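Asks: Turn this into a model:
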Amino acid sequence: MKLGLVDPELRRSVARMPRLPVRRKWGRRVVRALVRRRGPGEPVEGVDVRDIDQGHGIRVYTPAGGGSEAALLWVHGGGYVIGDVVQDDAFCSATAHELGIVVVSTNYRLAPEHPFPAALDDTLAAWQWLQESAGHLGVDQERIVVGGSSAGAGLAACLVQRLHDAGGVQPVGQWLFSPMLDDRTAARRELDQVQHRVWNNAANRTGWGAYLGAGRGGPRTPDYAVAARRTDLRGLPPAWIGVGDIDLFTDECRAYAERLRDAGVDCTFDLVPGAPHGFEAWAHDTRLARELLERSRTWLGARLTGSAPAPQLTETT
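Replies: Modelled structure (predicted):
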């Protein structure tokens, strides 16, 4: 992909960004270790951060004063093969501070060592822990949104589907940044030639293959493994989906947003011109990222207070 398609504010960072070596076992090990040792940002002041030992990492961000009884369950990204809660310390703590909510961020077992349904089971376990701990955390069980980035957003979308079918207390929204929603994108070999910045289709094929095995892109996948494979989206919680228009996932995100709306689900689709995958994380101090985060947190705050604005399909200029 030509650098000229990238927003000018992001070009320097994109040009310097190395390709993630996720296709090799040694590469995944190196990236995992680097992420755990060197998160991209420190938690903001005024937010208490503590880790919970539940067999897999759960990190709780509590704003000064204890929050407003609302909460976000957050799932980190990494293409199902890399990533750790520490990478979102700055993002989660800032969200907790700005909205006055408790944020619970969860780790999950990574593929290919732990293929589907390990990651989804771990995400479900984090939801159950949050429900059981709501009283202790000062959280209302019925004022929780599930969100995530990239593969984590895909897991969040699958989790709300699984919770819908199981019944019981439901999330009041799904907050999805550049969600990894459809394994069939990986099977589109013509996309290999585009060489999308940050996360390309070769890496995408590796991620889905590690998670699903040889069945990626095939005619069928297991229930709750791939959010976009679900045929009936009726009754799911309102959604916010944000993605750049030069992201590999743009088409699948747009299609999922339209399908949600066709099924009667409130959905805001925020399309950002010139933005590659995950720019709000690695270029969070740019105008483009700040404006997206402001819009997204406005939506999140409204959902958690029960005053959500009218859904919309938007293209940001």
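Asks: for stretch 88-96, the distance to its chain's centre please.
Replies: 13 Å (C-alpha atoms, centre = their mean, to the nearest Å).
Asks: residues making contact with it?
Replies: 39-44, 47, 49, 59, 61-63, 67, 72, 74, 76, 101-103, 105, 149, 281, 284, 297, 300 (C-beta atoms under 8 Å, 6 or more residues apart in numbering). Quick note: C-beta positions are derived from backbone N, CA and C, even for glycine.
Asks: hmm, which of those are the buried ones?
Replies: Using 16 or more other C-beta atoms under 10 Å as the burial test, the contacts of stretch 88-96 include 39, 41, 43-44, 47, 49, 59, 61-63, 67, 72, 74, 76, 101-103, 105, 149, 281, 284, 297, 300 as buried.
Asks: Just the ones of the contacts of stretch 88-96 in helices?
Replies: Under the assignment DSSP state H, the contacts of stretch 88-96 contribute Ala281, Arg297, Leu300 to helices.
Asks: For Glu98, see how far away the second one is.
Replies: In this structure, Arg297 and Glu98 are 6 Å apart, going by C-beta to C-beta, to the nearest Å.
Asks: you'd agree Gln170 is up against Leu236?
Replies: No - using C-beta atoms under 8 Å, Gln170 makes no contact with Leu236, being 9.0 Å away.
Asks: Give me the common contacts of those two.
Replies: Common neighbours of Gln170 and Leu236 (C-beta under 8 Å, 6+ apart) are Val160, His164.
Asks: out of those two, which sits in the busier spot?
Replies: Leu236 (24 against 17; other C-beta atoms under 10 Å).
Asks: quick one: the closest residue to the more buried one other than its chain neighbours and Ala203, what's the gap?
Replies: Leaving out its chain neighbours, the residue that sits closest to Leu236 by C-beta to C-beta, 6 or more residues apart in numbering is Val265, at 5.2 Å. Taking C-beta to C-beta as the measure, Val265 falls 30 Å from Ala203.
Asks: ok, now Asp192?
Replies: In terms of C-beta to C-beta, Asp192 sits 11 Å off from Ala203.
Asks: The two: which is more packed in?
Replies: Using other C-beta under 10 Å, the more surrounded residue of Asp192 and Ala203 is Ala203, with 21 against 14.
Asks: and that one, helix, strand or coil?
Replies: For Ala203, the assignment made with DSSP: H, G, I helix; E, B strand; the rest coil gives helix.
Asks: give me every residue that touches the nearest residue to it once chain neighbours are set aside.
Replies: Spatial nearest neighbour of Ala203, excluding adjacent residues (C-beta to C-beta, 6+ apart): Val22 at 5.4 Å. By C-beta under 8 Å, 6+ apart, the residues touching Val22 are Arg28, Val31, Gly79, Val81, Ile82, Ala203, Thr206, Gly207.
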